[in-house]
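J.: predicted model and sequence below, questions to follow.
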Amino acid sequence: MLERLNALIWGPFLLIPLLLLTGLYLTVLLRGLQFTHLVRALRLGLIERSEPDAAGDVSHYQALTTALAATVGVGNIAGVATAISLGGPGAVLWMWCTGLVGMATKYTEAYLGVRFRRVDAAGEQSGGPQFYLTHGVGGPLGRFLGVFFAVAAAIAAFGIGNMVQSNTVADELHSQFGIAPWLTGIVLTVAAGSVVLGGIRTIGRVTAVFVPVMMLAYILGAAWVLVVHAAEVPAALRLIVHDAFTGSAAAGGFAGATVAAAMRYGVARGIFSNESGLGTGGIAAAAARTTHPARQGLVSMTQTFLDTLVVVSFTALVIVVTGAWTSGETGAPLTSLAFSMGMPGNWGGLVVTAGIVLFAFSTLIGWGYYGDRNIERLFGRRAVGPYRVVFVLVTFVGAVTELETVWTFADVANGLMALPNLVGLILLSGLVARETRAFLEGARESDGSAGRQR
């Protein structure tokens, strides 16, 4: 039943075209904002970082790293490998396409998250699709979509944001070092509890330091492999583009894949990785200290760029240039094999293992926040504490449970979040485009005045 539902949601006639077409529509409506303002967006998030006097709970930078914490997870390691093993190298191009148009989607989600945010009973900012659907779309439809999203997100947090992550870590540490899953589960549970139970301010402080360090370490390891295989990189890029439109022939242990498979797995795993269209970007953005929704929208769209166009690309290229994709392996073992083929000694396996542990933990703490914001929308502040406790305890359950169906559950839950969110993005797109143009025109006039004064 779950498999059939997953096939329906992620089939060629529902979410895949809806996600891509919504991203393309928003790209046109926002006049290619993700291309024309990317440098400015990176500067806002990574250099200027904060607007100290603005309303909000965390800085631009902390909101960005919280969103990155939730998205840079095992999808960047195991998910990319799964897409390639099932869809061939061509799946990578569809992941890139999902990321490029997804930047416009992420901008819109973040803009609306700030635009319609509310202050909860504890004085914290709360926002995301559960609010902009209810108050932005409005009426019975808006209320239905907002509640539907909140229920789906609160449940999905236990799949994509929790059990998938803890189980992958437990499985990796058991296979590499023989560590018992129950022991991994206890350590992860204690570590997650020490952060998640503290709420967004604790999560923001931890991710501000933790996320850039873990991403840089992983990228440096991947860069090592690509430098060693520099001569194969152009051929790998050609193979990715070619197979995206022709399918991949059987090679070695790889059974071959059609264009439809490349598109399906590329888009599905791309969304699993960067979450553009799921609405989660609006939840993290709503906590940011910012004077205008567009400013945080620009910062938030860089999350998709960094996740998919940077981290995912490094993983994918390592798998393709080493030829590991023809081995018949899949998931994290495929990525581990590729790094081992490209690095001396045991360093490759260690890089992937460390990446899985760090990426999964960061996703755990990010999704803990997403879940509690949605449970607060449904049941009020009194439900947040118990939800956080249950979320942390489920970390242990994921580590010690056979998880064959949880990946499917995670995909279904993602789809159930995306459907109401995408409807809301389309309905509210005119508002976002209109107010964004006004903001950018005002910013240009301000820059021009400052230039004349100088």
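T.: Good, I have the coordinates.
J.: other residues contacting stretch 189-199?
T.: Applying CB atoms under 8 Å, 6 or more residues apart in numbering, the external contacts of stretch 189-199 come out as 124, 202-203, 206, 361, 364-365, 368-369, 372, 388-389, 391-393, 395-396, 399. C-beta coordinates here come from the backbone N, C-alpha and C atoms, glycine included.
J.: narrow those to just the buried residues.
T.: Neighbour counting with 16 or more other CB atoms under 10 Å marks 124, 203, 206, 361, 364-365, 368-369, 372, 388, 391-392, 395-396, 399 as buried within the contacts of stretch 189-199.
J.: tell me the one of those residues nearest residue 103?
T.: Residue 103 lies nearest to residue 369 out of those, by CB to CB, at 22.0 Å.
J.: what strand or helix carries the closest one?
T.: helix 347-379 (DSSP states H and E).
J.: next SSE after that helix?
T.: helix 384-400.
J.: elements contacting that following helix?
T.: Packed against helix 384-400, as judged by 3 or more CB pairs under 8 Å, 6 or more residues apart in numbering; DSSP states H and E, are the following elements: helix 164-177, helix 181-196, helix 347-379.
J.: tell me what angle it forms with helix 347-379.
T.: 150 degrees (axes from the mean of the first three to the mean of the last three CA atoms, to 10 degrees).
J.: ok, which stretches of the stretch 51-200 of the chain are strands?
T.: 118-119, 125-126 (DSSP state E, counting those that start in this stretch).
J.: mind checking which of these is nearest residue 83?
T.: Closest of these to residue 83 is strand 125-126, at 33.6 Å (criterion: CB to CB).
J.: for the closest one, name the packing helices and strands.
T.: Partner elements for strand 125-126 (3+ CB pairs under 8 Å, 6+ apart): strand 118-119, helix 347-379.
J.: how about a markdown table for the ones you listed, with mean pLDDT and distance to residue 227 added?
T.: Formatted as a markdown table, the helices and strands packed on strand 125-126 follow (pLDDT from 0 to 100; distance: least, CB to CB, whole Å):
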| stretch | mean pLDDT | distance to residue 227 |
| --- | --- | --- |
| strand 118-119 | 88 | 49 |
| helix 347-379 | 90 | 14 |
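J.: could the ones you listed go into a markdown table alongside distance to residue 318?
T.: Putting the helices and strands packed on strand 125-126 into a markdown table (distance: least, CB to CB, whole Å) gives the following:
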| stretch | distance to residue 318 |
| --- | --- |
| strand 118-119 | 43 |
| helix 347-379 | 9 |
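J.: what about residue 253, how many residues nearby?
T.: Using other CB atoms under 10 Å, residue 253 has 12 other residues around it.
J.: show me what contacts it?
T.: 326, 327, 328, 329.
J.: restricted to helices, list those residues.
T.: With DSSP state H as the criterion, helices contain none of the contacts of residue 253.
J.: ranking the helices and strands packed on strand 125-126 by burial, who's on top?
T.: helix 347-379 (a mean of 24; mean count of other CB atoms under 10 Å).
J.: what's the angle from that one to helix 181-196?
T.: Counting by the same axes, to 10 degrees, helix 347-379 lies at 50 degrees to helix 181-196.
J.: what's the closest of the helices and strands packed on helix 384-400 to residue 28?
T.: Residue 28 lies closest, by CB to CB, to one member of the helices and strands packed on helix 384-400: helix 347-379, at 28.9 Å.
J.: could you give the angle of that closest one to helix 164-177?
T.: Computed by the same axes, to 10 degrees, the angle separating helix 347-379 from helix 164-177 equals 160 degrees.
J.: chain center to the helix holding residue 369, what's the gap?
T.: Helix 347-379 sits 10 Å away from the centroid of its parent chain (CA atoms, centre = their mean, to the nearest Å).
J.: what sits against residue 438?
T.: So residue 438 contacts nothing (CB under 8 Å, 6+ apart).
J.: in what helix or strand does it lie?
T.: helix 406-453.
J.: give me the mean pLDDT for that helix.
T.: For helix 406-453, mean pLDDT rounds to 81.
J.: reformat the helices and strands packed on helix 384-400 as JSON lines; add distance to residue 154.
T.: Formatted as JSON lines, the helices and strands packed on helix 384-400 follow (distance: least, CB to CB, whole Å):
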{"stretch": "helix 164-177", "distance to residue 154": "16"}
{"stretch": "helix 181-196", "distance to residue 154": "14"}
{"stretch": "helix 347-379", "distance to residue 154": "4"}
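J.: how near is residue 331 to residue 257?
T.: In this structure, residue 331 and residue 257 are 16 Å apart, going by CB to CB, to the nearest Å.
J.: quick one: which of these two has more around it?
T.: Set side by side, residue 331 and residue 257 show more neighbours around residue 257, with 23 against 19, by other CB under 10 Å.
J.: for the more buried one, what are phi and psi?
T.: Phi and psi for residue 257, reported as degrees, to the nearest 10, are phi -150, psi 150.
J.: just use 45 as the starting number from now, easier for me
T.: Yes, from this point I'll number from 45; that puts the last item at residue 301.
J.: ok, for it, nearest residue in space, not its chain neighbours?
T.: residue 132 (3.9 Å; CB to CB, 6 or more residues apart in numbering).
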